[in-house]
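Asks: build me a structure from this.
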Amino acid sequence: MERLAGDIKFRRALLENVDAPRAVTERYGIEVDPMEMLPLWRGDHLQYRFKPESAPWPLAMMWDEHMRQMLRHRDLLRDEGEMSIFNPRFHAWRERQIRRCNDELGGSAPSVTHPIIAFELSEGCTVGCWFCGLSANRFKGYYDYSKEHAELWRGVVSVASEMFGSAARTGFCYWATEPMDNPDYDHFLFDYYQITGALPQTTTAAPLKDEALTRRVLGLFNLYGTTMNRFSVLSTAHLNQIHEAFSPEELLGVELIQHSKEAPTAKAFTGRARERREKLRVANKDEAITLTEHSHTTIACVSGFLVNMQEGRLQLVTPVPGSERWPLGYRIVGQRFFRTPDEFRTGLQSMIDQHMLESPPPDLPIRFRRDLQYKAGNRYFHLRSRSIEHRVLDDVAPISIGQLIERGNCTASELVMRATTDGTSVLAVADLLDQLYAAGVIEEDLDDRFAWQTGDRLTRRIEGRPHLVHPLNE
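Replies: The predicted structure is shown next:
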């Protein structure tokens with residue numbers, strides 16, 4: 001399957017030898033018989049994927065069950081971030097971001113697991129992938145595992161574990177960085193495991209840079225891992241080198257993500273891929289930009305905190321579709337700096353207090369998310385995104401709450417005053433606003449410079465079925 005995805009010559013050879021493919025696989029050192037897994041690769045059998053009709057090909061059934069398990073595990077990772085007991089405000093904020101992302105991110109949404117924290121153990125990246133969705137800067141150095149750094153690291157991870165409980169197990173130790181740029185990377189991983197009880201997952205585009213380090217990371221996975229690691233494969237030559245360096249058994253806990261230009265892997269329309277697409281469009285080379293897709297809107301996954309140990313920087317972030325406002329596909333909600341575990345704790349708590357609100361801020365404008373299409377109805381209003389259509393009962397006041405929000409020219413407290421001048425229950429109006437806010441349909445990014453930028457208002461085909469909501473819930 002790795003060959004099928006990452007080697008166009010292999011795919012062509014199979015298609016040219018559909019009735020006698022064994023000679024092709026033998027040439028590549030693949031011992032299994034392709035005839036025993038026809039639904040995985042032959043066009044006239046693809047219709048049997050994930051169906052009982054694939055029973056005559058048990059290897060195909062095994063692979064499909066493996067993929068089902070991967071998807072189930074992905075959903076479990078999302079659930080691992082639950083914090084309703086340990087940190088109710090953070091939990092409510094994260095749930096709101098999940099609902100918004102499911103509504104707003106299109107094809108990217110199902111793959112986003114919303115870890116609550118991520119760490120950068122370097123500054124910049126040595127690889128420089130042309131499609132990098134985070135536009136990683138040039139490498140400027142790594143956070144070495146000195147006595148002082150190790151003490152701060154363990155203190156920071158301990159604070160996260162104390163404040164967020166088991167949700168801290170969703171954390172990982174890279175972002176716009178290459179993990180293997182830090183020769184001490186495995187020491188940081190092991191500390192994380194000892195403190196939280198979970199070994200962070202690793203994604204690397206440079207597994208061959210320091211094979212000894214890569215094997216130490218894979219060894220930790222064999223002992224303590226629960227989440228598969230990933231190698232980003234940059235070309236067919238890179239795939240060949242990885243297959244030569246590691247046996248199939250060594251790669252059992254590794255998913256190879258195929259990123260060669262021939263691979264059928266769409267690139268998110270963010271970061272360098274976004275920049276490249278714009279350059280190609282200006283040069284009238286539209287035929288070269290098909291690998292970036294607007295339905296794949298971001299590679300960012302964290303709804304929580306992004307920590308750069310080198311800079312001592314702490315940011316609150318959440319995924320959004322790549323845009324002029326947020327070209328890297330995530331929104332930076334707030335930022336602090338720290339030098340000690342206590343300052344780290346203070347930074348976390350101050351951003352939770354400032355940004356993780358349970359109701360719309362009373363003194364800020366209240367309006368629907370700018371990607372939503374609003375449509376008034378009789379006692380209802382409709383909100384349509386790229387994925388979902390919400391239908392909301394609008395009968396708590398003699399005037400339309402939906403219309404007041406759509407106009408976007410009053411604060412939440414002003415809206416409540418306008419809607420309750422005839423004696424309408426303040427609590428009923430406030431409760432509807434809270435439900436809309438919790439559902440993630442109220443705009444939280446209120447920078448008006450970008451309120452009406454091109455493409456913000458939804459004009460695309462609606463991909464999901466109508467979603468009837470009364471009151472709004474998922």
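Asks: phi first, then psi, for residue 266.
Replies: Main-chain dihedrals, residue 266, degrees, to the nearest 10: phi -70, psi 140.
Asks: give me the neighbour count for it.
Replies: 17 (other C-beta atoms under 10 Å). Where C-beta positions appear, they are placed from N, C-alpha and C, glycine not excepted.
Asks: that one contacts residue 296, doesn't it?
Replies: Yes - the criterion here is C-beta atoms under 8 Å, and residue 266 meets it with residue 296 at 4.7 Å.
Asks: centroid-nearest residue for this protein?
Replies: The centroid of the chain falls nearest to residue 301 when counting by C-alpha atoms, centre = their mean (2.5 Å).
Asks: show the contacting residues for that one.
Replies: By C-beta atoms under 8 Å, 6 or more residues apart in numbering, residue 301 lies in contact with 111, 112, 113, 114, 115, 319.
Asks: and the residues you listed, which of them are in strands?
Replies: Those of the contacts of residue 301 mapping onto strands are residue 319, per DSSP state E.
Asks: out of the contacts of residue 301, which is nearest to residue 104?
Replies: Closest approach to residue 104 among the contacts of residue 301 (C-beta to C-beta): residue 319, at 8.8 Å.
Asks: quick check: which element contains residue 273?
Replies: helix 271-282 (DSSP states H and E).
Asks: meant to ask about residue 212
Replies: Per DSSP H and E: helix 211-224 holds residue 212.
Asks: show me what the helix or strand just after that helix is packed against.
Replies: Next helix or strand after helix 211-224 toward the C-terminus (DSSP H and E): strand 229-233. On a contact count with 3 or more C-beta pairs under 8 Å, 6 or more residues apart in numbering; DSSP states H and E, strand 229-233 meets strand 203-204, helix 211-224, helix 236-245, strand 254-258.
Asks: show the average pLDDT along the helix or strand hosting residue 347.
Replies: Assigning secondary structure by DSSP H and E places residue 347 in helix 341-355. The average pLDDT for helix 341-355 rounds to 98.
Asks: can you dump the C-alpha coordinates of it into PDB?
Replies: Output of helix 341-355 as PDB, limited to C-alpha atoms (Å, rounded to 0.1, in the frame of the first residue of the first chain):
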ATOM      1  CA  PRO A 341       7.300  26.700  35.700                       C
ATOM      2  CA  ASP A 342       5.400  29.200  37.900                       C
ATOM      3  CA  GLU A 343       5.400  31.800  35.100                       C
ATOM      4  CA  PHE A 344       4.200  29.100  32.800                       C
ATOM      5  CA  ARG A 345       1.300  28.300  35.100                       C
ATOM      6  CA  THR A 346       0.500  32.000  35.400                       C
ATOM      7  CA  GLY A 347       0.500  32.400  31.700                       C
ATOM      8  CA  LEU A 348      -1.800  29.400  31.200                       C
ATOM      9  CA  GLN A 349      -4.200  30.600  33.800                       C
ATOM     10  CA  SER A 350      -4.300  34.200  32.600                       C
ATOM     11  CA  MET A 351      -5.200  33.200  29.000                       C
ATOM     12  CA  ILE A 352      -7.900  30.800  30.300                       C
ATOM     13  CA  ASP A 353      -9.300  33.700  32.400                       C
ATOM     14  CA  GLN A 354      -9.200  36.200  29.500                       C
ATOM     15  CA  HIS A 355     -10.200  34.100  26.500                       C
END
